[in-house]
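Student: sequence and predicted model, in that order:
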Amino acid sequence: MVAAWGHTMSMNWVCSTSTRTTCSRQRVCRATTLTSSPMSSASCPSLSAAAAVPSSSPRRCAVLGAGFAGLSVAWHLLSNSPKQEKLHVDIFDESGIGAGASGVSGGLIHPYSPKLKLLWRAEECWSECLNLIKVAECAPHFGSDAHHFIVRRTGILRPAVHEKNLDVMKIYCVWQQNALNCLSSCRIKTIDGVAARELVPNLCTPLNTAFFMPEAVNVNPQTYLQALYLACRNLVTTVNSTGCQSKSIILHKKFVASLRDLEGEYDAVIVCLGAKVDMLPELSGILPIRRCRGIVALLQLNDVLCEEYPQHSPSILSDVWFAVQGPRSLCLGSTWEWGSKNFSSSVSLEEASTTLRDILPKACMVYPQIAKWTLTGARAGVRAMSPLTPDGSFPLLGCIDDLVGGSSSFKVWLIGGLGSRGLLYHGWLGKLTARAALSCREDIFPPELTSWRKMKRK
């Protein structure tokens with residue numbers, strides 16, 4: 001049997017003692033004045049001092065999807081709304097938290113392209129991602145052993161393996177090191193093979209060059225998402241303990257078959273379904289996203305005579321990536337199957353073995369010791385990839401009332417196409433989307449994030 005990754009819990013915690021009532025009346029969007037909130041600081045979250053005139057009925061928001069985007073939106077809805085404003089957040093995901101592509105991602109986060117060029121809006125994305133990680137770390141979580149960590153801050157090492165890209169990578173690396181506007185919070189160092197092996201013993205550097213990002217991090221997606229949801233619950237509890245009784249959040253393990261099912265219930269619906277967005281009939285075949293299924297192999301070191309992976313060594317990023325979970329546990333990925341509609345996270349033993357055969361030669365090129373590790377299982381997820389443009393590849397955000405008919409009693413918002421950079425993007429994009437939904441202002445989004453409207457689906 002293939003071992004399942006993560007510890008998905010069946011959770012339907014209710015953070016409100018009020019009885020949910022069906023609101024059949026037409027709802028209108030109520031703009032909120034957004035203030036700078038200490039929730040976005042690097043420290044553990046504290047309550048915003050912002051105040052609002054309490055309304056007779058709560059603002060109700062539905063978030064479809066409990067992956068990186070969905071939980072980021074939920075957190076930012078709660079933390080960006082004024083303390084005394086009544087706000088109820090319902091999260092809908094039939095499989096629970098982190099059951100899709102988010103839960104099986106590699107978890108390696110840095111703000112650079114494969115050629116080491118800073119990504120678009122790298123500073124905002126990197127900063128907000130780290131903020132959310134710290135929010136999750138401040139919440140109770142599930143132990144501290146190798147399988148239950150939230151984040152490993154041991155950096156990422158990228159050995160150079162292709163000579164044709166080496167010169168370009170060196171140029172960008174030097175530029176990042178020397179430019180006044182470099183991202184000082186995630187530096188890149190060029191090192192030789194000897195220095196690389198001091199970081200990761202037994203590492204192979206085919207071109208005697210590696211690039212080390214000491215501040216880059218490795219997140220355990222499942223544990224992180226569970227902790228982020230707990231942070232949302234804790235925020236609600238803290239706000240309500242002041243006597244406001246103004247916030248609530250509920251996770252529903254329920255499939256939403258159509259946006260019509262939510263009619264009359266909500267002021268805003270935020271669609272964060274990733275590659276499953278086509279399952280909503282209102283959006284089927286409309287959005288210019290590309291599906292790509294990836295399989296991650298789960299490996300353990302069972303040979304007691306074989307040298308363990310050092311506890312403080314960085315994870316490895318090459319033609320394949322090594323997401324280190326502990327001295328004897330790591331994830332190896334990933335494959336790319338374009339156009340797949342197989343949304344099952346389960347992988348047969350045969351497919352897991354085939355996957356390992358495909359990626360093991362690339363892994364052995366930089367870390368030959370991996371051949372001594374044992375396959376224990378695999379997990380799969382389907383990424384929602386944004387369209388390619390001459391200016392780059394940008395996620396899809398915006399108000400989509402016009403796409404779903406425009407006659408709903410609520411405003412519909414989209415956050416999608418995060419692709420393989422979902423962890424890097426989710427903090428900033430979730431914050432933008434929550435602020436847009438609370439203020440009913442689409443002009444909050446940079447134009448690149450709404451440029452997809454001009455494209456036709458391929």
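Tutor: Good, I have the coordinates.
Student: only C-alpha atoms from now on, for both contacts and neighbour counts.
Tutor: OK.
Student: Ile109 contacts Pro221, correct?
Tutor: No - Ile109 is not in contact with Pro221 according to Cα atoms under 8 Å; the separation is 11.2 Å.
Student: so which of those two has more stuff around it?
Tutor: Counted by other Cα atoms under 10 Å, Ile109 and Pro221 do not tie: Pro221 has more neighbours, with 26 against 21.
Student: OK, contacts around the more buried one?
Tutor: 98, 102-107, 150 (Cα atoms under 8 Å, 6 or more residues apart in numbering).
Student: at 6 Å what do you get?
Tutor: Gly103 (Cα atoms under 6 Å, 6 or more residues apart in numbering).
Student: roughly how far apart are it and Ala384?
Tutor: 17 Å (Cα to Cα, to the nearest Å).
Student: excluding chain neighbours, what is closest to Ser284?
Tutor: Take Ser284 and drop its neighbours on the chain: the residue closest to it by Cα to Cα, 6 or more residues apart in numbering is Asp278, 4.1 Å away.
Student: again, but for Asp192
Tutor: Thr209 (4.6 Å).
Student: tell me, how many residues neighbour that neighbour?
Tutor: So Thr209, with other Cα under 10 Å, has 21 neighbours.
Student: for it, give me its contacts.
Tutor: Going by Cα under 6 Å, 6+ apart, Thr209 touches 160, 191-193.
Student: swap in 8 Å and give it another go.
Tutor: By Cα under 8 Å, 6+ apart, Thr209 lies in contact with 159-160, 190-193.
Student: Gly106 now?
Tutor: 218-221, 296, 321-323, 331-333 are the contacts of Gly106 under Cα under 8 Å, 6+ apart.
Student: so of those, which ones are in helices?
Tutor: Pro221 (DSSP state H).
Student: looking at the contacts of Gly106, which one is closest to Lys411?
Tutor: Nearest to Lys411 among those: Pro221, at 29.9 Å, using Cα to Cα.
Student: ok, which stretches of the stretch 201-350 of the chain are helices?
Tutor: Along the stretch 201-350 of the chain, counting by DSSP state H, counting those that start in this stretch, helices occupy 221-241, 349-366.
Student: can you add distance to Gly422 and give these back as a markdown table?
Tutor: Below are those laid out as a markdown table (distance: least, Cα to Cα, whole Å):
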| stretch | distance to Gly422 |
| --- | --- |
| helix 221-241 | 11 |
| helix 349-366 | 22 |
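Student: which of the ones you listed sits most buried?
Tutor: Neighbour counts (mean count of other Cα atoms under 10 Å) averaged over each of those peak at helix 221-241, with a mean of 22.
Student: how far is it from where the chain is centred?
Tutor: Between the mean C-alpha location of helix 221-241 and the chain-wide mean there is a distance of 16 Å, by Cα atoms, centre = their mean, to the nearest Å.
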